[in-house]
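[1] Okay, predicted coordinates and the sequence, questions at the end:
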Amino acid sequence: MNVRTGLETFLENSPSWVKGRRLGLLCNQASVDSSLRYSKNLIFSMLPGQLKCLFSPQHGLYAEKQDNMKESPDDFDPLLNIPILSLYGKDREPSHRQLSKIDLLVVDLQDIGSRVYTFIWTLYLAMKASARAGIGVVILDRPNPLGGDLIEGNLLVRDCQSFVGFAPLPMRHGMTIGEIARFFMEEQDLDLELHIVKMQGWRREMDFAATGLPWIWPSPNMPTFDTARVYPGQVIWEGTNVSEGRGTTKPFEIFGAPFFDTRALRKQVERWKMPGFVLREQSFEPTFHKWSGRRCAGFQIHITHRLEYRPYITTLAFLAAVKRIHSKDLAWKDPPYEYEFTRLPADLIMGDKRVRKAVDAGENPIDIESIWAKDLKDFEKARLPWLLYP
């Protein structure tokens, strides 16, 4: 049986608490049902006159904007005849004026299972703003593409908070967006009317391939499910001068730089015997972004065992190898990054300066993992009350 999203559950049986209330919908072009119909059109038709506006996250309503700090302006939907209000432009949270025109903020976003993906932080800010304004929030739940069993990485610490992390989640959090909303409610002690419309048929061991749902890229550099599988580690390259594959057809799956000695790097990584993947040497020439027009030596990650592969520590091992072999060439990228203008992007992405310092010190992956081992076990126990699915 295919998984049915919260959107489809909502459409099948409109809850009593939505009747007659003015709605705003936070969505993008990946907000579709299993027949690829947009949630905005379906909700507009199902509840005539109730949908008053749309809100869009980073990359825009149709996921057309590349990279971070590429803002989307407010716009207008000519078919629905309602405004589109950008939450990644001059504002990154809905204003009191915008919320005063609705009674419920409905959220239908496809997260990809990593702390640094900004959609959950748009939700975080929207929930806080809604609580202040006395507006209810509805989550139409969707699968965590990476599944809900495995978690990985250090928890975000306070001095690394930014738009890629406001609350103490690990890099791979293993929760759906509805479960994360429950975490935010508790973590921020919000006085908020919160409704979560659950999925049907989703179990924690399911990755996206097991759901039977169509993959629609939620952002320009998340074109396939394979991209999402490597992203919780490969996003780290955004904080360096190494290309994460932007400007190619395989963003995040491939990485490299003109200065890479792939033989030496492979030899170093193989010493650490990281499981669940094969590295294949791959040269590439980005058409934009880092090293645009330059030939990069590098690799593509091919996952061979999804339950053994650990994206975060695997990429940290790659990074540690590059640091050991190319210490004079590897550089941490300078700010700005996601509207932070003084702190290193790598620290914001990793969420704890100790991780970057361990890489700088040349530590091996086992020692780096020890930084977060106890905190991650504590988080795994703490998250149990927020979970919605077996």
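    Happy to help now that I have it.
[2] thinking residue 309 is in contact with residue 303, fair?
    Yes: between residue 309 and residue 303 a contact is recorded at 5.0 Å, counting by C-beta atoms under 8 Å. (C-beta placed from N, C-alpha, C; glycine too.)
[3] which of those two has more neighbours?
    residue 309 (20 against 16; other C-beta atoms under 10 Å).
[4] Specify the local secondary structure of that one.
    coil (DSSP: H, G, I helix; E, B strand; the rest coil).
[5] ok, back up a step: common neighbours of residue 309 and residue 303, please.
    229, 276, 277 (C-beta atoms under 8 Å, 6 or more residues apart in numbering).
[6] can you list those residues in TSV and add pLDDT and secondary structure?
    Formatted as TSV, those follow (pLDDT from 0 to 100; DSSP: H, G, I helix; E, B strand; the rest coil):
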residue	pLDDT	secondary structure
229	98	helix
276	98	coil
277	98	strand
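[7] Tell me the most packed of those, by neighbour count.
    residue 229 (25 neighbours).
[8] ok, that residue - contacts?
    Applying C-beta under 8 Å, 6+ apart, the residues near residue 229 are 145, 146, 207, 303, 306, 309, 311.
[9] Go again with 10 Å.
    112-113, 145-146, 207-209, 252-253, 277, 301, 303, 306, 309, 311 (C-beta atoms under 10 Å, 6 or more residues apart in numbering).
[10] Now, of these, which are buried?
    Neighbour counting over those (16 or more other C-beta atoms under 10 Å) leaves 112-113, 145-146, 207-208, 252-253, 277, 301, 303, 309, 311 as the buried ones.
[11] Isn't residue 38 up against residue 31?
    Yes: using C-beta atoms under 10 Å, residue 38 is in contact with residue 31, at 6.5 Å.
[12] Please say which of these two ends up with more neighbours.
    Just comparing residue 38 and residue 31: by other C-beta under 10 Å the higher neighbour count belongs to residue 31, 27 against 21.
[13] Now do the strands in the stretch 251-390 of the chain.
    254-257, 277-281, 297-303 (DSSP state E, counting those that start in this stretch).
[14] Packed most tightly, which of the ones you listed would that be?
    Neighbour counts (mean count of other C-beta atoms under 10 Å) averaged over each of the strands of the stretch 251-390 of the chain peak at strand 254-257, with a mean of 26.
[15] Which residues does that strand contact?
    So strand 254-257 is in contact with 230, 233-234, 236-237, 240-245, 248, 262, 265, 280-284, 286, 290-291, 294-301, 315, 318-319, 322, 326, 329-331, going by C-beta under 10 Å, 6+ apart.
[16] For that strand, the averaged confidence score.
    Taken as a whole, strand 254-257 has an average pLDDT of 98.
[17] Distance check, the residue nearest to residue 317 when sequence neighbours are not counted against residue 171.
    Counting by C-beta to C-beta, 6 or more residues apart in numbering, residue 317 lies nearest to residue 365, which is 4.4 Å off, once chain neighbours are set aside. Distance from residue 365 to residue 171, counting by C-beta to C-beta, to the nearest Å: 14 Å.
[18] How about residue 118?
    Relative to residue 171, and taking C-beta to C-beta, residue 118 is found at 14 Å.
[19] sorry, back to before: what sits in contact with each of residue 38 and residue 31?
    Contacts common to residue 38 and residue 31, judged by C-beta under 10 Å, 6+ apart, are 7, 61, 108, 216.
[20] which element is the nearest residue to the last one once chain neighbours are set aside on?
    If I follow you right, that is residue 216. Leaving out its chain neighbours, the residue that sits closest to residue 216 by C-beta to C-beta, 6+ apart is residue 30, at 4.1 Å. Using DSSP states H and E, residue 30 falls within no helix or strand.
[21] show me the contacts for residue 30.
    Contacts of residue 30 by C-beta under 10 Å, 6+ apart are 38-39, 59, 62-63, 108-112, 119, 142, 214-219, 222.
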